[in-house]
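Peer 1: return atomic coordinates for the entry below.
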Amino acid sequence: MSLPASDLLPAVVLPRLAVNRLGRPYELVPSCGSTNDEVAARALASAEEGLLVAAEEQTGGRGRRGRDWHSPAGENLYCSLLLRPALPARLAAPLTLLAGAALAQALARLGFSPRLKWPNDVLLDTPDGLRKVAGILTEMASEGDRVRHIIVGVGVNVNTQDFPGPLAPIATSLRLVRGVAVDRGALLAGFLNAFAPVYDGFLAAGPGPGLAEWSRHAVLGQPCWVSRGTGRIEGTAVGVDGSGALLLRTDHGDTVTVHAGEVNWL
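Peer 2: Below you'll find the model as predicted:
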């Protein structure tokens with residue numbers, strides 16, 4: 001399959017990067033099953049940190065918990081970034097939130113007002129309420145207690161105007177919100193330019209500043225419930241701790257730390 005002229009071409013994106021490491025090398029493929037899988041294969045073949053793969057289309061795009069990610073050709077942003085942080089695996093969890101914070105910064109710089117829902121959703125306000133516009137999927141490989149590599153996958157509904165039935169009531173796109181097409185290359189470069197300092201700060205001094213940026217955009221203070229292995233917990237999302245875990249205050253005044261799960265609004 002030949003690649004059409006695109007706002008995601010390397011010649012368009014690379015001159016916009018203000019960073020030297022992340023996003024280099026950059027590959028744009030016309031179609032693939034999943035950009036996370038493409039980067040995983042290259043990681044196993046010893047690709048270096050910073051590799052970025054974007055696709056015009058995904059035939060097997062996925063979100064958290066194995067859900068399908070709607071990935072039509074030529075409309076949206078589907079990309080994955082390879083990281084090789086020298087970290088114990090137990091300290092890597094905040095990276096999902098830090099990537100969300102960087103994506104929110106990039107969207108804000110394009111004039112949008114993103115909101116972040118723990119742990120990996122990016123939302124935009126619409127006349128019908130908050131709807132999902134993007135998601136982050138991080139996947140890690142480790143050796144013993146050390147990280148071997150982490151793949152940060154980003155999917156953004158940029159220019160889609162019609163969603164299939166199950167997604168129509170819950171999803172939106174940048175184009176639907178703004179009313180005009182949005183430059184995917186500008187968004188991709190903006191994300192990398194925002195993520196690089198957050199990531200470098202995390203490696204140098206921990207996740208605190210990045211988590212503060214996440215909290216600045218987060219949907220907090222709303223009654224919600226989270227399903228865990230031990231059952232359903234109801235309360236109010238009040239923030240995150242230093243590991244990126246959600247802090248949920250119950251009606252009894254207790255604060256419960258949620259390390260995994262999915263927030264559902266009451």
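
Peer 1: and the spatially closest residue to residue 113 that is not a sequence neighbour, helix, strand or coil?
Peer 2: With sequence-adjacent residues excluded and distances taken as C-beta to C-beta, 6 or more residues apart in numbering, residue 113 is closest to residue 125, at 6.4 Å. Bear in mind the C-beta positions are built from the backbone N, C-alpha and C, glycine included. Following DSSP: H, G, I helix; E, B strand; the rest coil, we place residue 125 in the strand state.

Peer 1: what's the neighbour count on residue 125?
Peer 2: Counted with other C-beta atoms under 10 Å, residues neighbouring residue 125 total 14.

Peer 1: residue 175 belongs to a helix?
Peer 2: Yes: Residue 175: assigned to a helix according to three-state DSSP.

Peer 1: tell me which stretches of the stretch 151-266 of the chain form strands.
Peer 2: 223-228, 231-240, 246-249, 255-258, 263-265 (DSSP state E, counting those that start in this stretch).

Peer 1: got the contact list for residue 114?
Peer 2: Counting by C-beta atoms under 8 Å, 6 or more residues apart in numbering, residue 114 touches 103, 104, 107, 108, 122, 123, 124, 133, 134, 217.

Peer 1: let me know the closest of those residues to residue 238.
Peer 2: residue 217 (15.4 Å; C-beta to C-beta).

Peer 1: what sits against the closest residue to that closest one other than its chain neighbours?
Peer 2: In this structure, residue 217 finds its nearest non-sequential neighbour in residue 104, 4.2 Å apart by C-beta to C-beta, 6+ apart. Residues in contact with residue 104 (C-beta under 8 Å, 6+ apart) are 114, 115, 116, 122, 213, 214, 217.

Peer 1: let's see that with 6 Å instead.
Peer 2: Residue 104 makes contacts with 114, 116, 217, as judged by C-beta atoms under 6 Å, 6 or more residues apart in numbering.

Peer 1: what bridges to the second one?
Peer 2: Read it as residue 116. Beta-bridge pairing for residue 116 (DSSP bridges): residue 122, residue 218.

Peer 1: look up how far residue 222 lies from it.
Peer 2: Residue 116 sits 13 Å away from residue 222, taking C-beta to C-beta, to the nearest Å as the criterion.

Peer 1: which of the two has more residues huddled nearby?
Peer 2: Neighbours were counted for residue 116 and for residue 222 using other C-beta under 10 Å; residue 116 has more, 24 against 11.

Peer 1: quick one: that one and residue 217 touch, right?
Peer 2: Yes: using C-beta atoms under 6 Å, residue 116 is in contact with residue 217, at 4.6 Å.

Peer 1: low-confidence ranges in the stretch 1-150 of the chain?
Peer 2: Counting by pLDDT under 70, the stretch 1-150 of the chain shows low-confidence ranges at 1-5, 62-68.

Peer 1: give me the neighbour count for residue 177.
Peer 2: 17.

Peer 1: list the contacts of it.
Peer 2: residue 124.

Peer 1: kindly report the same for the one 5 residues further on.
Peer 2: For residue 182, the contacting residues are 158, 174, 175, taking C-beta under 6 Å, 6+ apart as the criterion.

Peer 1: could you find the closest non-adjacent residue to it?
Peer 2: With sequence-adjacent residues excluded and distances taken as C-beta to C-beta, 6+ apart, residue 182 is closest to residue 174, at 4.4 Å.

Peer 1: how far away is the one you found from residue 157?
Peer 2: Counting by C-beta to C-beta, the gap from residue 174 to residue 157 is 7 Å.

Peer 1: what of residue 218?
Peer 2: Residue 218 is 20 Å from residue 157, by C-beta to C-beta.

Peer 1: neighbour-wise, which of the two wins?
Peer 2: Using other C-beta under 10 Å, the more surrounded residue of residue 218 and residue 157 is residue 157, with 29 against 21.

Peer 1: wait, that one touches residue 173, no?
Peer 2: Yes: in this structure residue 157 lies within contact range of residue 173 using C-beta under 6 Å: 3.9 Å.
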